[in-house]
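A.B. asks: quick one, structure for this:
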Amino acid sequence: MKLAAACVMLLLCAACEPPGKPGPEPVSQEDITDFTVLFTQNCSGCHGLEGRNGPARILNDPLYLAVMPRDELRKTIENGRPGTAMPAWAKKNGGPLTDKQVTALVDGIEKHWARPASFKNTKLPSYSAGDDHGNPANGKKVFAKDCFMCHGPGMRIGPVTDPTLLTLVSDQALRTSVIVGRPDLGMPSYRNLAMGRAMSDRDITDVVAYLSSLRPVPPNVQPEHTVENGPGQGSGNGPGSPQQKNNESKTGSSVRGGNK
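C.D. replies: Numbering: from 1, shown residues only. This is a model prediction of the structure:
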């Protein structure tokens, strides 16, 4: 009897709610600042659920985060990488994320995956070579000594000297790959490429200069540097490419979506 009475009371209480009463206000997408939710919804498709094992650049890597400046990480999220599959995520650039959400992603990536204490006394290579275009002749020697055993023609990983591949990647993409490697795919970082020694910043810059020199350059177009993962130096026909700019200079049309 007591159980039956309790059930009746529950039914009566439930009946007290007026029909059609609205439920709790759903959380606006713009109010979400939880890192896990933001990363899963917006980044994991390319960078992997835990920031690794995706088709795009690994983010869950303390070395990568130690080398890449925080401002560069933020700019990449905000602006994307023109000419690649990486879109702009900031609302001011047509993306879905507010400034607060971009900050939450940057903070979360560094909080969860960066290990600054591990590199406290380590002199790391610079993320960018800046205005130093390197020495291709020396880079060819370094490549033969430190890279050929994996990336030479017919070797186990495959050639990175292929003109088609080099047309699709930028100098910065090559530099980042040499420095950081792809630990999720078994490629070692610069610390273990030089026959068990760390490659110098000079050698890294020169290797990139050598690979860059192998890119096919369209006729009458001067080579130019581009952002990480963007069209290759002096090559390609996509937005912002030298070929497109050359064509547009003849037609007077404007460039939209070019490199920033």
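A.B. asks: could you list every residue that touches H133?
C.D. replies: H133 sits next to A209 when contact means CB atoms under 8 Å, 6 or more residues apart in numbering. Heads up, the C-betas are built off the backbone N, CA and C, glycines and all.
A.B. asks: could you check how far it is from T164?
C.D. replies: Distance, H133 to T164, by CB to CB, to the nearest Å: 23 Å.
A.B. asks: now do K111
C.D. replies: 39 Å.
A.B. asks: and the average pLDDT for stretch 116-130 is what?
C.D. replies: For stretch 116-130, the mean per-residue pLDDT is 92.
A.B. asks: what about it, distance to the chain center?
C.D. replies: Offset of stretch 116-130 from its chain centre (CA atoms, centre = their mean, to the nearest Å): 18 Å.
A.B. asks: so which residues make contact with it?
C.D. replies: Outside stretch 116-130, the residues that touch it by CB under 8 Å, 6+ apart are 62-63, 66-69, 72, 171-172, 175-176, 179, 190, 199, 201, 204-205, 208.
A.B. asks: can we see that at 7 Å?
C.D. replies: Stretch 116-130 is contacted by residues 62, 66-69, 72, 172, 175, 179, 190, 201, 204-205, 208 when judged by CB atoms under 7 Å, 6 or more residues apart in numbering.
A.B. asks: again with stretch 31-50
C.D. replies: By CB under 7 Å, 6+ apart, the residues outside stretch 31-50 that reach it are 54-56, 59-60, 85, 89, 97, 100-101, 104-105, 108.
A.B. asks: same thing but at 6 Å, please
C.D. replies: Outside of stretch 31-50, the residues that reach it under the criterion CB atoms under 6 Å, 6 or more residues apart in numbering are G54, A56, L59, N60, Q101, A104, L105, G108.
A.B. asks: can you tell me how far the third one sits from R115?
C.D. replies: In other words, L59. Note on L59: its distance to R115, by CB to CB, is 13 Å.
A.B. asks: before we move on, what about the fourth one?
C.D. replies: Look at N60 and R115: by CB to CB, they are 11 Å apart.
A.B. asks: compare the two (neighbour count), which wins?
C.D. replies: Per other CB atoms under 10 Å, whichever of N60 and R115 has more neighbours is N60, with 20 against 13.
A.B. asks: show me where pLDDT drops low in the stretch 51-200 of the chain?
C.D. replies: Scanning the stretch 51-200 of the chain with the threshold set as pLDDT under 70 gives 194-196.
A.B. asks: so which strand or helix has L59?
C.D. replies: Here L59 sits in a region with no helix or strand, counting by DSSP states H and E.
A.B. asks: for it, grab the count of nearby residues.
C.D. replies: For L59, the count of nearby residues is 24 (other CB under 10 Å).
A.B. asks: can you pull the contacts of the spatially closest residue to it that is not a sequence neighbour?
C.D. replies: The spatially closest residue to L59, leaving aside those adjacent along the chain, is G51, at 4.0 Å (CB to CB, 6 or more residues apart in numbering). Neighbouring residues of G51 by CB under 6 Å, 6+ apart: L59, N60, W113.
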